[in-house]
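1. Could you work out the structure for the sequence below:
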Amino acid sequence: MSSAGKKKELVIARKIENVFFIVLLFVVLALFTVPIIVYYRSTSNTFESDNNNNGNFSEGGTISNNNVSQNCTRLSWSQDNDVSECHEYTGTACRNFLHQWFQCTIGEDELNIGVSQQEQNQHEGTIGSLSLYLEHYKQCQQQSSAFICQYFFPLADCSTGKSYKATKEDCLLISTGVCSDVWALANNFGYGSLLPDCSTLPNAANDSSSVPIPIEGINDTNGTDGIVCREDFVKTEFICEPICDSFEQTSHLNSQILIYSEVVATGLGLIFCVVTIIVAVKEYKTLLVYPSVLVFFQVLDMIVLVIVLIITAIDRYGLYCSSVSLLETLENPTPFCKFSGVVFHYAIVNLALWWFFHVAIFFHKVLFPFQANRFEKLGRSKYIFATVTVLSILLPLPAVIICLSVDKFKYNIHRFPTTLCISNGAMWFYSVTLPIDILLAFGVMMLIIILWTIRKKTNFLKKKSRTQLSTAEKKILLVFTSFIIFGVFILGHVSDTTAKAGKFQAALREYFECEAFGYVPGKCDRGTFEESPYMSIIVYMLMSLIPLSILNFILKWSSVKSTGNKAVKLTKRYSSFLYRGKSSFITSSESVPDETLSKSEKSAEISENTVHNLTFNSY
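-> Numbering: from 1, shown residues only. Take a look at the predicted model:
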């Protein structure tokens, strides 16, 4: 082939390489946008599902008004001249009752209430949620329906400026009487904010038309004394609540597999970390210098995280259960739960930061070698190292502080059996998943550019590259790669958990609510929140391999080989010595002089030995 043909072929090859390089970068960037897309899609689906559910509750969860008589003397309300706004009622849940109440109070014009359209929609959804509970407490549902409608939708007389509201007396009669167990149930499941504060409501109007609604069966408990709870639930004063130290999210076998794999992985990780620390101390002249020290900082993060996991395995439920009831524990996480959340939150982000900055430094040295050498000669490297260290230490702190100080984002149990506590889905996504995703994406792209730059003098048609990596470079690339593999898996696992958090919590709450009224075989579906433990197992195993790759980076294999050869030689010598000693002992035992020897022969032998000893001592 002519030189022109070869040159043309080389140009085409390089164009193909450049196209492949650009496509590869776009593919990597696209792959790392998947966790973000999954999260936002799951969030929007959950939001739409909640809206649809609220709409269904409003239509199918209408408050029963059968107990409300057309006789107005059976209704009670408070009247005041404080109407600030008037809006037409457009809902369905309380329409029948409000029309009746309107006829008893105002009697003409349009039905108006002092609640905006947006608030009406929210209250309709709330009534739908309350209706789910009231279905199990028929008597409470009948007696409280009027009060619920009065509380959420107070009437408004737009012409006179008068408002008509629910009363404190009705609120106290219902909350401490026939609906006392529902009140307790709602508080236990986190719906206390939906219930009114009776002390803030006005007293009933003192006129002849306002007679309190009769409350019958005030001491009725709807048969809760006779309920039978599931084996992993405990009966409290009113309901069955899941037991903190025996409730399991997955089947017993899967839980045991998850626990044992966690113990094995953390045990191996701790061994590798300890050996790495020992070797690092021995090789401090090469390791505890910039930028290799960033790898050492990763080991410190890993060892703290692994120790917390091992402590968890020793007394899992004693450390995480603040109460016998799991519901009470979820409301009040233990100090160790918060501590494990802080460690996990800080360490996982800190690991990613150390890795990213190390890749960035490697990227700068490969692509801008002259500038990197100049910085080294001018002594600027120490300032870069100080900046990197400060940023890596401080950047994870704001999110950790918010999770500790804001109750909405508090660290809490996220699966059973418990391992490490985390914050809620949204906070965890923006403070962990998103930062790690961005750091990994840019770090992987920089590594691709580094490798492409190293071999840019060759093309893919040539069998051998003229650029060879040194052993140190190969080792550090292995460290980078091991963290990429771990990071991708944990990113996928955390993203999947965060994306499903809303549905999981809803399914778990639905299951708890179903079991709260007693165990009925086949009634409550437990399979809606089952999860496979195998992704967690892979993450644990990969986590234990990170310190192993770092140990490989620190070790000088030539020294290890030399030490191994010396050990083999010493072992052989020791074995040979033992073998000779044994042979000598056998020979001496077989050559013991016979007792029948003559005295002259013995004397001759003694004389010969004496001469031999004298001769040996003279040297």
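
2. Run through the strands of the protein in chain order.
-> 78-80, 87-88, 112-113, 155-157, 162-165, 233-235, 240-242 (DSSP state E).

3. Please name every helix or strand in contact with the fifth one.
-> In this structure, strand 162-165 packs against strand 78-80, helix 138-152, strand 155-157, with contacts taken as 3 or more Cβ pairs under 8 Å, 6 or more residues apart in numbering; DSSP states H and E. (Each C-beta comes from the backbone N, C-alpha and C, glycine too.)

4. lowest-pLDDT helix or strand in this structure?
-> helix 599-618 (a mean of 41; mean pLDDT, DSSP states H and E).

5. Show me the shaky parts of the stretch 151-300 of the chain.
-> Residues of the stretch 151-300 of the chain meeting the criterion pLDDT under 70: 188-191, 205-226, 237-238.

6. List the contacts of the spatially most central residue of the chain.
-> The residue lying closest to the centre of the chain (Cα atoms, centre = their mean) is I422, at 4.7 Å. The contact partners of I422, by Cβ atoms under 8 Å, 6 or more residues apart in numbering, come to G341, F344, H345, Y411, N412, H414, W428, V432.

7. and which of the residues you listed is nearest to V400?
-> H345 (5.4 Å; Cβ to Cβ).

8. any idea how far I438 is from S562?
-> I438 is 44 Å from S562, where distance means Cβ to Cβ, to the nearest Å.

9. Just want to know which of these two has more residues nearby.
-> For I438 versus S562, neighbours defined as other Cβ atoms under 10 Å are more numerous around I438 (14 against 11).

10. Tell me the confidence at the more buried one?
-> Looking at I438, its pLDDT reads 92.

11. ok, now the one 5 residues further on?
-> According to the per-residue confidence, G443 scores 91 in pLDDT.

12. quick one: it and F362 touch, right?
-> No - using Cβ atoms under 8 Å, G443 is not in contact with F362, being 9.9 Å away.

13. who touches both of the two?
-> Counting by Cβ under 8 Å, 6+ apart, the residues touching both G443 and F362 are F480.

14. Could you give me the buried positions within stretch 167-183?
-> In terms of neighbour count (16 or more other Cβ atoms under 10 Å), stretch 167-183 has its buried residues at 167-171, 173-175, 177-183.

15. From the chain's centroid, how far away is that stretch?
-> Distance, stretch centre to chain centre, for stretch 167-183: 39 Å (Cα atoms, centre = their mean, to the nearest Å).

16. got it, and stretch 234-243?
-> The answer for stretch 234-243 is 27 Å, by Cα atoms, centre = their mean.

17. Also stretch 512-528?
-> With Cα atoms, centre = their mean, you get 26 Å for stretch 512-528.

18. buried ones in that stretch?
-> Here stretch 512-528 shows F512, E513, C514, E515, A516, F517, G518, Y519, C524 as buried, counting by 16+ other Cβ under 10 Å.

19. thinking again about what came up before, restricted to helices, list the contacts of I422.
-> G341, F344, H345, W428 (DSSP state H).

20. So which of those sits lowest on pLDDT?
-> Within the set of these, pLDDT is lowest for W428 (88).

21. That residue against V494, yeah?
-> Yes - taking contacts as Cβ under 8 Å, W428 lies within contact range of V494: 7.3 Å.

22. More neighbours: which of these two?
-> Each of W428 and V494 has its neighbours counted (other Cβ under 10 Å); W428 has more, 24 against 20.

23. For the more buried one, which residues are in contact?
-> When contacts are counted by Cβ under 8 Å, 6+ apart, W428 touches I422, V494, T498.

24. need those in JSON lines with distance to E241, can you?
-> Formatted as JSON lines, the contacts of W428 follow (distance: Cβ to Cβ, whole Å):
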{"residue": "I422", "distance to E241": "23"}
{"residue": "V494", "distance to E241": "29"}
{"residue": "T498", "distance to E241": "27"}
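
25. Now flag whichever of the residues you listed is closest to A4.
-> For the contacts of W428, the residue nearest A4 by Cβ to Cβ is V494; the value is 55.8 Å.

26. Give me the neighbour count for the closest residue to that closest one other than its chain neighbours.
-> The shortest distance from V494 to any non-neighbouring residue, by Cβ to Cβ, 6 or more residues apart in numbering, is to T433 (5.4 Å). Neighbours of T433 under the rule other Cβ under 10 Å: 23.

27. ok, so what distance separates T433 from F356?
-> For T433, the distance to F356 (Cβ to Cβ) stands at 15 Å.

28. on that earlier part again, mind checking which of the contacts of W428 land in helices?
-> Counting by DSSP H, these place V494, T498 in helices.

29. Taking the contacts of I422 together, which two end up most distant?
-> Put simply, by Cβ to Cβ the two of the contacts of I422 set farthest apart are N412 and V432, 14.6 Å from each other.

30. Tell me which of those two has more neighbours.
-> Neighbours were counted for N412 and for V432 using other Cβ under 10 Å; V432 has more, 24 against 19.

31. for the ones in helices among the contacts of I422, which one is nearest T236?
-> Nearest to T236 among the ones in helices among the contacts of I422: G341, at 27.0 Å, using Cβ to Cβ.

32. Please name the spatially closest residue to the closest one (chain neighbours excluded).
-> Nearest one to G341, counting by Cβ to Cβ, 6+ apart, is Y411 at 2.8 Å.

33. from what I can see C158 touches E85, true?
-> No - distance between C158 and E85: 9.0 Å, which falls outside the contact criterion (Cβ under 8 Å).

34. Comparing these two, which shows the higher neighbour count?
-> Set C158 next to E85 and count neighbours by other Cβ under 10 Å: C158 wins out with 15 against 11.

35. So the more buried one versus I113, what's the distance?
-> Going from C158 to I113 by Cβ to Cβ gives 10 Å.

36. what's the overlap in contacts for these two?
-> Common neighbours of C158 and I113 (Cβ under 8 Å, 6+ apart) are C86.

37. returning to what we had before: between the contacts of W428, which sits nearest R573?
-> Distances from R573 to these, taken by Cβ to Cβ, are shortest for V494, at 54.4 Å.

38. any idea of the pLDDT on that closest one?
-> So, for V494, pLDDT stands at 77.

39. same thing with D301?
-> D301 carries a pLDDT value of 91.

40. Could you pull up the contacting residues of it?
-> A347, N350, L351, W354.

41. which one among these gets closest to I36?
-> For the contacts of D301, the nearest to I36 is L351 (20.3 Å; Cβ to Cβ).
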